[in-house]
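S.K.: fold the following and give me the result.
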Amino acid sequence: MNEKRILHVGLIQQANTADHADNKTRLKAAIRKAVAEGAELVVLQELHNGLYFCQTEDVHVFDEAEPIPGPSTEEFGALAKELGIVLVLSLFERRAPGLYHNTAVVLEKDGSIAGKYRKMHIPDDPAYYEKFYFTPGDLGFEPIETSVGTLGILVCWDQWYPEAARLMALSGAELLIYPTAIGYESSDEEQEQTRQSDAWQLVQRGHAVANGLPVITVNRVGHEPDPSGQTRGIRFWGRSFVAGPQGELLCELGQEETIQVVPVNLTRSESVRRWWPFLRDRRIDAFSDLTKRYRK
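M.R.: Below you'll find the predicted structure:
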């Protein structure tokens, strides 16, 4: 077995306002603090520059989208280069007139774009009207090579799909990373809110186990009101976490703004996959029905 490869990962869990400049200023300060504590890879939450705008359907929100490369990749790229880190962004991408994506971007240590991933699974639920804004991704489930490792970047709603995690793992990802924006529905009773939050973490820890890979999930926190007034808004539940390749919790944050650096052993996956050879024993000859809508 090769010598241990320990990667120090910075998680930044932040509450946002409508003031993009202030949000980014606070993010930059948090990134600097994470790096001062040893972070080599820093992961930001989903759509980190502003509010989670998908609570309503409003055509004026499209004005917030930006190209990639664009202002945010230049601004945060300069910071990544200054600090010598790999940085995972989550942006509202304007690909072409009338064509928009929810896109994660990985910046290398020199500030360049190592790669991007366009969110594949797009929800459309009360207070999460993402289909109005985002076209499903077209880049597939391809890991991004970086100087700190091969990153399997997925985004929020992708968390619930084991196929997405598996395809990233089979393509060589060493980590599964999920920028996220998910919270409590205000009308649900407290017990239901707890069940949903626990299920959210549990399914992702299952991806870690099934694929023998660490999982890193970064969620936002705080309350964001519904501009339409139809609901009481979303209270994002935080609980950002890192799970090891057997699903073990290496770190779990609370529901407050937090900066945390977590050491992750990238060589442990080799041992775990030898003990639990799930990838070896896959019955791919019997999986053709996965692409069928229903099976009777």
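S.K.: what count of nearby residues applies to Tyr294?
M.R.: Residues within reach of Tyr294, counting by other CB atoms under 10 Å, total 5. Every residue, glycine included, has its C-beta placed from N, CA and C.
S.K.: typo on my end, Ser147
M.R.: 13.
S.K.: mind listing what it touches?
M.R.: Neighbouring residues of Ser147 by CB atoms under 8 Å, 6 or more residues apart in numbering: Val86, Glu108, Lys109.
S.K.: format these as TSV; extra columns: neighbour count.
M.R.: Output for the contacts of Ser147, formatted as TSV (neighbours: other CB atoms under 10 Å):
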residue	neighbour count
Val86	23
Glu108	21
Lys109	18
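S.K.: and the least confident helix or strand in the chain by mean pLDDT, what does it pack onto?
M.R.: Ranking every helix and strand in the chain by mean pLDDT, DSSP states H and E puts strand 183-185 at the bottom, with a mean of 88. With contacts taken as 3 or more CB pairs under 8 Å, 6 or more residues apart in numbering; DSSP states H and E, strand 183-185 sits against helix 190-211, strand 234-237.
S.K.: again, only this time at 6 Å
M.R.: The contact analysis (3 or more CB pairs under 6 Å, 6 or more residues apart in numbering; DSSP states H and E) places strand 183-185 against strand 234-237.
S.K.: returning to what we had before: in a markdown table: the contacts of Ser147, plus secondary structure and pLDDT.
M.R.: Converted to a markdown table, these look like this (DSSP: H, G, I helix; E, B strand; the rest coil; pLDDT from 0 to 100):
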| residue | secondary structure | pLDDT |
| --- | --- | --- |
| Val86 | strand | 98 |
| Glu108 | coil | 98 |
| Lys109 | coil | 98 |
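S.K.: re the thing from before, now what about the least confident helix or strand of the chain, what contacts it?
M.R.: Outside strand 183-185, the residues within contact range by CB atoms under 6 Å, 6 or more residues apart in numbering are Gln193, Ile234, Arg235, Phe236, Trp237.
S.K.: mind doing that once more with 7 Å?
M.R.: Ala127, Gln193, Ile234, Arg235, Phe236, Trp237 (CB atoms under 7 Å, 6 or more residues apart in numbering).
S.K.: against Gly233, how distant is the second one?
M.R.: In other words, Gln193. To Gly233, Gln193 is 14 Å away according to CB to CB, to the nearest Å.
S.K.: between the two, which is the more surrounded one?
M.R.: Applying other CB under 10 Å to Gln193 and Gly233 shows that Gly233 carries more neighbours, namely 20 against 16.
S.K.: the nearest residue to that one once chain neighbours are set aside - how many residues pack around it?
M.R.: With sequence-adjacent residues excluded and distances taken as CB to CB, 6 or more residues apart in numbering, Gly233 is closest to Pro225, at 4.1 Å. Using other CB under 10 Å, Pro225 has 12 neighbouring residues.
S.K.: quickly note the distance from Pro225 to Gly206.
M.R.: The gap separating Pro225 from Gly206 is 33 Å, by CB to CB.
S.K.: ditto for Arg235
M.R.: Arg235 is 25 Å from Gly206, by CB to CB.
S.K.: again with Tyr128
M.R.: 22 Å.
S.K.: where along the protein do the helices fall?
M.R.: 20-36, 71-83, 162-170, 190-211, 268-275 (DSSP state H).
S.K.: mind listing what's buried in the third one?
M.R.: Spelled out, that is helix 162-170. Ala164, Ala165, Arg166, Leu167, Met168, Ala169 (16 or more other CB atoms under 10 Å).
S.K.: tabulate the residues you listed (TSV), appending pLDDT.
M.R.: Below are these laid out as TSV (pLDDT from 0 to 100):
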residue	pLDDT
Ala164	98
Ala165	98
Arg166	97
Leu167	97
Met168	98
Ala169	98
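S.K.: which one of the residues you listed is nearest Arg293?
M.R.: Ala164 (17.8 Å; CB to CB).
S.K.: burial check on the nearest residue to Thr103 once chain neighbours are set aside, number of neighbours?
M.R.: Nearest non-adjacent residue to Thr103, counting by CB to CB, 6+ apart: Glu93, 4.0 Å away. Using other CB under 10 Å, the number of residues around Glu93 comes to 24.
S.K.: list the contacts for Glu93?
M.R.: Here Glu93 is in contact with Ala65, Ile68, Tyr100, His101, Thr103 (criterion: CB under 7 Å, 6+ apart).
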